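**Q** here is a sequence together with a model predicted from it:
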Amino acid sequence: MKGWRVGMLGIVCLGAGAGAAASAELRAEMRLATATGSGDAVGSLTIADNPAGAAVTTSLSKLPPGLHGFHVHENGSCQPTTPSGGPPVPAGAAGGHFDPQKAAKHAGPQGAGHLGDLPVLQVAADGSATQNLTAPLIKDVAALRGKAVVIHAGGDNYSDQPAPLGGGGARLACGILQ
């Protein structure tokens, strides 16, 4: 009987540990994206599991004021790419927006589009962005491990019209979720 209790205690402990492992929090150190690779550090962000969707917390500085498109991208690289005959694309190796369901459209953090579409990032006049945002469609933060997070130079209208991918344009900063 004594061995049975010890065995059951082990099973209960394993079960409790499994529940804790289901919750995830990832962090990305963000750096400016340049034509030659990663530039100066601009802060960090975390993305954590939350019942309302992924909780995104930013602690950023040294960014241009205004609205910026903000997305999880499909690859885990912030290196530049050079399209044939074109100029280098900062953080081009991050690829496109994370889209595991193959929606193939940009519809914002609440729409039926890319899973990697995050809420717009608002940068204050002093270049800082300290925000708590929610990405309601992201229910499994662990699936984002190793993916790049990109801040774009322009805003995001959560549509592919009139400009593709919300009109955010150039990649301003990038970090890898770990």
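**A** Looks like it arrived, so ask away.

**Q** so when I look at residue 166, I'm seeing a strand, right?
**A** No. Assessed with DSSP: H, G, I helix; E, B strand; the rest coil, residue 166 is helix; it does not lie in a strand.

**Q** ok, it - contacts?
**A** Residues counted as contacts of residue 166 (CB atoms under 8 Å, 6 or more residues apart in numbering) are 69, 106, 108, 117, 152, 155, 156, 157, 158, 159, 160. Bear in mind the C-beta positions are built from the backbone N, C-alpha and C, glycine included.

**Q** check which element follows the longest strand seen in the chain along the chain.
**A** The residue-count maximum for a strand in the chain (DSSP state E) belongs to strand 37-48. From strand 37-48 onward toward the C-terminus, using DSSP states H and E, the following helix or strand is strand 54-60.

**Q** can you give me the strands for this protein?
**A** Counting by DSSP E, the chain has strands at residues 25-34, 37-48, 54-60, 66-68, 70-72, 121-123, 129-135, 148-152, 171-176.

**Q** the fifth one packs against which elements?
**A** This means strand 70-72. Contacts defined by 3 or more CB pairs under 8 Å, 6 or more residues apart in numbering; DSSP states H and E place strand 70-72 against strand 148-152.

**Q** in the protein, where is pLDDT below threshold?
**A** Along the chain, segments meeting pLDDT under 70 span 1-22.
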